[in-house]
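Engineer: got a predicted structure plus its sequence, pasted below:
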Amino acid sequence: MESALPSLGSKPSSKKQWVWVGIVAVLAVAFVGWSLRGANRTALPGAPAPLPTLDGKEMTLASLQGKPTMLAFWAPWCGYCKQAVSTISKVAELAGSHAQVVSVALSYDDRAAVEKFTKDNHVDYPVLLGDNATAQAFGVDSFPTFYFVASDGRVSQKVVGALPTAGLLWQLFWAG
């Protein structure tokens, strides 16, 4: 009986063997990527000043250290952001006390527009009010944009565009 896997030192001769070689190569690349996942983490960009919250307080992004954090940057006029609200809420619910979910509103006309968006879409996670300096500091020019931050405050990933709940949870898990 012939093995589907090529022996070491031999060239693959059948289509089935080439498939196995491809699978092994993909797994090897995935393993190397996984093992180096913390090697290129960068410091969290800093907002120029503490950001106001919708409930009248102020928060610095440095105060989020201590737990993995998902920062969701959005705009009230963004249709994808409206669709992402329930996904972000589900991530916050599933993460529980193990991680933090915080959003930053950008590109809005006034505070009332942000308040209307959060009320109309049942936003149930903290909302910070960013400005152009915040968007520039984080390199946000598309919405939604997510930053996944490790508990030490270093960025593990930046993702632009909507992701399903499982994708957001996966990124938050790896930020851990």
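Structural biologist: Great, that's in hand. Numbering: from 1, shown residues only.
Engineer: now Ala49, what's its secondary structure?
Structural biologist: Look at Ala49: counting by DSSP: H, G, I helix; E, B strand; the rest coil, its state is coil.
Engineer: what sits against it?
Structural biologist: Ala49 sits next to no residue when contact means Cβ atoms under 8 Å, 6 or more residues apart in numbering. Just so you know, the C-beta spots here come from the backbone N, C-alpha and C atoms, and that holds for glycine as well.
Engineer: any idea how far Gly66 is from it?
Structural biologist: Ala49 sits 21 Å away from Gly66 when distances are taken as Cβ to Cβ, to the nearest Å.
Engineer: can you check Trp174 too?
Structural biologist: Between Trp174 and Gly66 the distance is 18 Å, computed by Cβ to Cβ.
Engineer: next: Trp77.
Structural biologist: Counting by Cβ to Cβ, the gap between Trp77 and Gly66 amounts to 33 Å.
Engineer: so between the two, which is more surrounded?
Structural biologist: Set side by side, Trp77 and Gly66 show unequal neighbour counts under other Cβ atoms under 10 Å, the larger going to Trp77 at 13 against 10.
Engineer: next, count neighbours for Leu128.
Structural biologist: Leu128 has 24 neighbouring residues, counting by other Cβ under 10 Å.
Engineer: okay but it is in contact with Leu106, surely?
Structural biologist: No: proximity of Leu128 to Leu106 does not meet the contact threshold set by Cβ atoms under 8 Å, at 9.6 Å.
Engineer: least confident secondary structure element in the chain?
Structural biologist: Per-element confidence for the chain was summarised using mean pLDDT, DSSP states H and E. The lowest value among helices and strands belongs to helix 15-35, with a mean of 55.
Engineer: for Thr60, grab phi and psi.
Structural biologist: Here the main-chain torsion angles of Thr60 (degrees, to the nearest 10) amount to phi -100, psi 150.
Engineer: good, we can wrap up now.
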